[in-house]
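[1] Predicted model and sequence below, questions to follow.
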Amino acid sequence: MRSGITHLKKKMEIERPINYFEKLALVNNMTEAEKVAAVCELDEAIWSVVSFERCEAHSLTYEQAAALLSELDARGVSGLCIITDDAALRVRR
């Protein structure tokens, strides 16, 4: 029987999320229509930053949201993540 830590490490390597810059690198392999859709979605002001306590900000581009997330993390705000504004509306209820 394998250790759970070994299994988790392999699973995390396989399921590692793609970050913003990796996604832009993948754009080079897409058609023009796919490129426009992928890049524009990240540049649209449809992103929110939420914490355990509340929605910290909304209607941001992904780049702005990532910068705010880093700033809030440095201040010690816990439970931060970036989600779409639509998802943030459902969280607030």
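    The structure has been received and is ready for your questions. Residues are numbered from 1 along each chain as shown.
[2] Can you tell me what sits against the longest strand anywhere in the chain?
    Longest strand of the chain, by residue count under DSSP state E: strand 55-60. With Cβ atoms under 8 Å, 6 or more residues apart in numbering as the test, strand 55-60 has contacts from 45-50, 65, 68, 72, 77, 80, 85, 88, 91-92. (Glycine included, C-beta is placed from N, CA and C.)
[3] Output the contacting helices and strands for the helix or strand that it is followed by.
    Where DSSP states H and E defines the elements, the next helix or strand beyond strand 55-60 is helix 62-74. Judged by 3 or more Cβ pairs under 8 Å, 6 or more residues apart in numbering; DSSP states H and E, the packing partners of helix 62-74 are helix 20-26, helix 32-43, strand 47-50, strand 55-60, strand 81-84.
[4] For the longest strand of the chain, give the mean pLDDT please.
    Strand 55-60 shows a mean pLDDT of 94.
[5] Give the partner strands of that strand in its sheet and their orientations.
    Using DSSP bridges, strand 55-60 pairs in its sheet with strand 47-50 (antiparallel).
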